[in-house]
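Visitor: Make a model of this:
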Amino acid sequence: MIQAHYDAAPPSGLDITVNNDAMVQGATAKYWQRTTIYPNKYWADFKLTDQGKKLVKLPSGGDTIQWRPSSPTDPSFSIVVTTVAASHRKARDLKDIQDVGSKTKTVEFTEGVDLTGLPDLLVSIAHNPGNQLSTTRTATFLLDNGDWKLQSVD
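Guide: Here you go, the predicted structure:
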């Protein structure tokens, strides 16, 4: 029932946080290429390549990544890209069902993203620090006219 709930929702792209290492990975994969480097030598603009445009989009809707860390060694600077390929979340690793009352049950499970169909390098970038690929959720079920129905996913 939980997976049916996810499958009924519109598919969506996956937000991927791109840190410095991922910028290098994406440039090496030719998802983006540097077009401008600024006088401070650590700011740069990167343009999405045709291949990159098929895989990711930018929140601004444009095609230029504005890389603006606060220093050459800024470990926390990142940008977010969203996959063009849309997918449904996946429910897995259900725990023991808990009785909350005679007509209510809950179960914890892991909600994960679906990386199927993405190129290996983009999957690798998605596994870099800063990305959350799964979350623990709780599903609540109610007994309604003799049938269990999914009430909510929190």
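Visitor: At which residues are the strands of the protein located?
Guide: Counting by DSSP state E, the chain has these strands, from start to end: 15-18, 32-37, 44-48, 56-57, 64-67, 79-83, 90-92, 98-101, 104-112, 134-144, 147-153.
Visitor: Export these as TSV, with columns for mean neighbour count.
Guide: For the C-beta atoms, the positions are set from N, CA and C on the backbone; glycine is no exception. What follows is the strands of the chain, written out as TSV (neighbours: other Cβ atoms under 10 Å):
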stretch	mean neighbour count
strand 15-18	21
strand 32-37	14
strand 44-48	18
strand 56-57	22
strand 64-67	18
strand 79-83	18
strand 90-92	17
strand 98-101	10
strand 104-112	16
strand 134-144	14
strand 147-153	13
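Visitor: Ok, which of these comes nearest Tyr6?
Guide: strand 90-92 (6.2 Å; Cβ to Cβ).
Visitor: Now tell me what touches the closest one from outside.
Guide: Taking Cβ atoms under 8 Å, 6 or more residues apart in numbering as the criterion, the residues outside strand 90-92 that touch it are 2-3, 6, 109-114, 137.
Visitor: Go through the strands of the chain and find the least confident stretch.
Guide: If you rank these by mean pLDDT, strand 98-101 sits at the bottom with a mean of 91.
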